[in-house]
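> when you get a sec, could you give me coordinates for this:
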Amino acid sequence: MNDCTIASPEGAVIAQVSHSDITEHTGTPYDTGARLEPHPWVRDGITGHEYQRPAEADDYGRVDFDDDEGTTIATLHIEGDPLRPEGAFLLKLDVNAPVIIHGPGGEYIGRVRPM
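Model prediction:
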């Protein structure tokens, strides 16, 4: 999976690298804890990991973000604002640890704390 072969213009193989060669030594950002791993709630109309059930309308669009130990740190979803359906969206965030929010340019927006 994701193997890459680099060849010269004449077709001679110069190098072969596989995805596992790279990740075995350094680990992915999910493995190292540098990034939280996203887990969508709904896959093929089913939700739940241990106890699966048919998804309900409110399950769609929700994503859990888990740390490298599998603990869910945050669950979020984005929906349209019913009062301004064309002009704004609502980000709903439920956290199990403090989360600092930064904008696309790195500017500080705010902090969310567990309730």
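> neighbours of residue 28, how many?
Residues near residue 28, counting by other Cβ atoms under 10 Å, number 13. From N, CA and C alone the C-beta is placed, and that goes for glycine too.
> look up how far residue 50 lies from it.
Computed with Cβ to Cβ, to the nearest Å, the distance linking residue 28 and residue 50 is 24 Å.
> doesn't residue 30 fall inside a helix?
Yes - using DSSP: H, G, I helix; E, B strand; the rest coil, the assignment for residue 30 is a helix.
> now for it: which residues touch it?
Going by Cβ atoms under 8 Å, 6 or more residues apart in numbering, residue 30 touches 36-37, 68.
> and if we set it to 10 Å?
Contacts for residue 30 (Cβ atoms under 10 Å, 6 or more residues apart in numbering) come out as 23, 36-38, 66-68.
> beta partners of residue 92?
Counting by DSSP bridges, residue 92 is bridged to residue 77.
> hmm, I typed the wrong one, I wanted residue 46.
Residue 46 has these beta-bridge partners by DSSP bridges: residue 43, residue 54.
> right, and it touches residue 55 too?
Yes - using Cβ atoms under 10 Å, residue 46 is in contact with residue 55, at 6.2 Å.
> can you tell me, leaving aside adjacent residues, what's nearest to residue 94?
residue 75 (4.7 Å; Cβ to Cβ, 6 or more residues apart in numbering).
> quick check, that neighbour in a strand?
Yes - checked against three-state DSSP, residue 75 lies within a strand.
> what's the burial count for it?
Around residue 75 there are 17 other residues, counting by other Cβ under 10 Å.
> for residue 86, state which of the contacts of residue 30 is nearest.
Nearest to residue 86, judged by Cβ to Cβ, of the contacts of residue 30 is residue 38 at 27.2 Å.
> from the contacts of residue 30, which would you call buried?
Neighbour-count burial (16 or more other Cβ atoms under 10 Å) is assigned, among the contacts of residue 30, to 36-37, 66-68.
> dump these to a markdown table, plus secondary structure and distance to residue 113.
A markdown table is the format used below for those (DSSP: H, G, I helix; E, B strand; the rest coil; distance: Cβ to Cβ, whole Å):
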| residue | secondary structure | distance to residue 113 |
| --- | --- | --- |
| 36 | coil | 17 |
| 37 | strand | 22 |
| 66 | strand | 19 |
| 67 | coil | 17 |
| 68 | coil | 22 |
